[in-house]
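Undergrad: The following comprises the amino acid sequence and a computationally predicted model.
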Amino acid sequence: MAITAYRSSILHFLSETQTEYFDDGILVVDSENGTIQQVGPAETLLPQLAQVDVIEYENKLIMPGFIDTHIHYPQVDVIASYGEQLLDWLNNYTFPTELQFKDPEFASETANFFLNELLKNGTTSALVFGSVHKESVQAFFEASHQRNTRMICGKVMMDRNAPQDLCDTPDSSFEDSQALINEWHEKGRQLYAITPRFAITSTREQLEKAGELLKNNPTAYMQTHLSENKDEIAFVSELFPERSSYLDVYDHYGLLGPRSVFAHCVHLDETDYRRLAETQSSASFCPTSNLFLGSGLFSLEDTQKYNVPVSIATDVGGGTSFSMLQTLNEAYKICQLRDYSLAPQKAFYMATLGNAKTLQLEDKIGNFESGKEADFIVIDFDSTPLMSRKQSRCKTLDEVLFSLMMLGDDRAIGETYVAGKSVYKK
Ligand code: GUN
Ligand code: ZN
């Protein structure tokens, strides 16, 4: 058996309230099958590892790879598009850009750039929107499968309120999605998400097809957008006057459940929160996007109050950074504006095991329990002079983590490992 051991400070979470931290720790990886063998203090583990290669990292911190629960790979080039809120931003910037993804070569080049960017930022798994074109998702899965990254992706279903060339039909979206599920769902580390873009761009017939897909493929995921922007919400109630709320549109078509991820959830009422909790559907908090598009202030406190499963995500290209550290930074500030303090250990729990749980993947990724997939990152505390200076003055783990999330970005990621293999080194 090929074993590699990594010696460093090590942090991971056993649950939302249980942190395991080793100041001088060892992570033992079965590098042949890419899984974690064990983790513990160097003092205890070193004697058993006499024959094993030990890679030592100084002034570094090993933690599980970050997980991003909402991101659009065709929007790499949409980042930093000036001056609009959601609906105009979609029409003026996003839809024109997504038209390019009919070209498999362009899709493949962008998918590779996108995956490199994720890994450079320490993100090893993500729930990803493709474009409406099945070619875009084909290209994405090929690129991810080659890297052996655990990714969830889906072809966008949209058949109205968008340019003609960006619209499919209820039947074609049903067939293309099912064909992609047959080819890619659970192939290696790839997983499929049924992806109606949002209620505005789908007819009733298409939402019905999405529900049918979910029923026929119970291990697949469902991802969409919900209650992000006030004008969007008003448009949804015009389009679906027969439904009691935006969430009720999705509910009516059978799209709620523990494998369903609703991005944004900025403007929900008590009934919505209760229904999400009841169905164990999850809300994905996208702080940089909500600020950039002026959408509003997500209430982390309310999701918790009502026991709604909640995760955190970048939402690139509405979001402005691939970095989960930057995302935690902006999440903290949004919570501050709501008189709630996002504690650093909770923030890093969310970005790792917490996000894994909302994706029903906590048996595979998110921490260093033995047998899990060995996706991990090496944090570099000397990434900038300011980070180095600030970290040297931190006295507690909370201070270390809080400084990391407030000052850190891609420069703080020293190395990224996917299934036990180094895939990015600064
Ligand atoms: N709602 C529907 N489509 C999108 C999208 O691409 N980005 C965001 N932020 N919201 C959406
Ligand atoms: Zn989005």
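TA: Thanks, I have the structure now. Numbers count the residues shown, from 1 in each chain. Ligands and ions are numbered 1, 2, ... in the order given.

Undergrad: quick one: contacts for Phe113?
TA: Neighbour list for Phe113: Val76 [criterion: Cβ atoms under 8 Å, 6 or more residues apart in numbering]. For every residue, glycine as well, the C-beta is placed using N, CA and C.

Undergrad: got it, and Ser289?
TA: Per Cβ under 8 Å, 6+ apart, neighbours of Ser289: 264, 295, 314-315, 318-320.

Undergrad: Which strand or helix spans it?
TA: helix 287-292 (DSSP states H and E).

Undergrad: same question, Leu268
TA: Using DSSP H and E, no helix or strand contains Leu268.

Undergrad: just to revisit the earlier point, looking at the contacts of Ser289, which one is closest to ligand 2?
TA: Using Cβ to the ion, Asp315 comes nearest to ligand 2 of the contacts of Ser289, at 4.6 Å.

Undergrad: in the stretch 1-150 of the chain, which spans are helices?
TA: 42-45, 86-89, 95-98, 104-120, 134-147 (DSSP state H, counting those that start in this stretch).

Undergrad: Deepest in the core, which of those helices is it.
TA: Highest mean neighbour count among those (mean count of other Cβ atoms under 10 Å): helix 134-147, with a mean of 22.

Undergrad: Show me what that helix packs onto, helices and strands only.
TA: For helix 134-147, the elements it packs on are helix 104-120, strand 150-154, helix 170-184, strand 190-196, judged by 3 or more Cβ pairs under 8 Å, 6 or more residues apart in numbering; DSSP states H and E.

Undergrad: what stretches of the protein score poorly on pLDDT?
TA: The model of the chain has no residue with pLDDT under 70.

Undergrad: Which single residue in it comes nearest to ligand 1?
TA: Gly318 (3.3 Å; Cβ to the nearest ligand atom).

Undergrad: you'd agree Ala331 is up against Leu342?
TA: Yes. Using Cβ atoms under 8 Å, Ala331 makes contact with Leu342 at a distance of 5.8 Å.

Undergrad: still on that earlier bit, continuing past the helix holding Ser289, what's the next helix or strand?
TA: helix 300-305.

Undergrad: strand partners of the helix or strand that that following helix is followed by, parallel vs antiparallel please.
TA: Using DSSP H and E, the helix or strand that follows helix 300-305 towards the C-terminus is strand 310-312. Applying DSSP bridges, strand 310-312 is found paired with strand 282-285 (parallel).

Undergrad: what's stretch 376-396 in contact with?
TA: Residues outside stretch 376-396 that contact it (Cβ under 8 Å, 6+ apart): 6, 8, 27, 57, 59-66, 122, 124, 368, 400, 403-404, 407-408, 411-417, 426.

Undergrad: mind redoing it with 6 Å?
TA: 57, 59-62, 64-65, 122, 400, 403, 407, 411-417 (Cβ atoms under 6 Å, 6 or more residues apart in numbering).

Undergrad: between the helices of the stretch 1-150 of the chain, which one is nearest to Gly257?
TA: helix 134-147 (21.6 Å; Cβ to Cβ).

Undergrad: do the closest one and ligand 1 meet at all?
TA: No. Shown here: helix 134-147 not in contact with ligand 1 (Cβ under 6 Å from any ligand atom), separated by at least 13.3 Å.

Undergrad: now the angle between helix 170-184 and that helix, please.
TA: 10 degrees (axes from the mean of the first three to the mean of the last three Cα atoms, to 10 degrees).

Undergrad: returning to that earlier point: distance of the residue of the chain closest to ligand 1 from Met387?
TA: Per Cβ to Cβ, to the nearest Å, Gly318 is found 27 Å from Met387.

Undergrad: what do you get for Trp184?
TA: Distance, Trp184 to Met387, using Cβ to Cβ: 39 Å.

Undergrad: what about the nearest residue to Arg150 once chain neighbours are set aside, how many residues close to it?
TA: In this structure, Arg150 finds its nearest non-sequential neighbour in Arg189, 4.1 Å apart by Cβ to Cβ, 6 or more residues apart in numbering. A count of neighbours around Arg189, defined by other Cβ atoms under 10 Å, yields 21.

Undergrad: Can you tell me how far Arg189 is from His267?
TA: For Arg189 relative to His267 (Cβ to Cβ), the value is 35 Å.

Undergrad: before we move on, what about Ala80?
TA: Where His267 is concerned, Ala80 sits at a distance of 25 Å (Cβ to Cβ).

Undergrad: Between these two, which is the more surrounded one?
TA: Under the criterion of other Cβ under 10 Å, the comparison of Ala80 against His267 puts His267 first, with 19 against 9.

Undergrad: Does that one touch Ser227 like I think?
TA: Yes. Assessed by Cβ atoms under 6 Å, His267 is found in contact with Ser227 at 4.6 Å.

Undergrad: Reformat the helices and strands packed on helix 134-147 as a markdown table; add distance to ligand 2.
TA: Output for the helices and strands packed on helix 134-147, formatted as a markdown table (distance: least, Cβ to the ion, whole Å):
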| stretch | distance to ligand 2 |
| --- | --- |
| helix 104-120 | 14 |
| strand 150-154 | 12 |
| helix 170-184 | 18 |
| strand 190-196 | 10 |
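
Undergrad: Now do the contacts for Ile152.
TA: So Ile152 contacts 127, 191, 193, 221 (Cβ under 6 Å, 6+ apart).

Undergrad: Now the phi/psi pair for the residue of the chain closest to ligand 1, please.
TA: Dihedral pair for Gly318: phi -70, psi -40, per degrees, to the nearest 10.

Undergrad: how many other residues sit next to Phe285?
TA: Close neighbours of Phe285, defined as other Cβ under 10 Å, add up to 29.

Undergrad: measure it to Thr314 for me?
TA: For Phe285, the distance to Thr314 - Cβ to Cβ - is 11 Å.

Undergrad: of all the residues in the protein, which ones are close to ligand 2?
TA: Residues of the chain lying close to ligand 2 (Cβ under 5 Å from the ion) are 263, 315.

Undergrad: ok, Val52 - how many residues close by?
TA: By other Cβ under 10 Å, the residues close to Val52 number 15.
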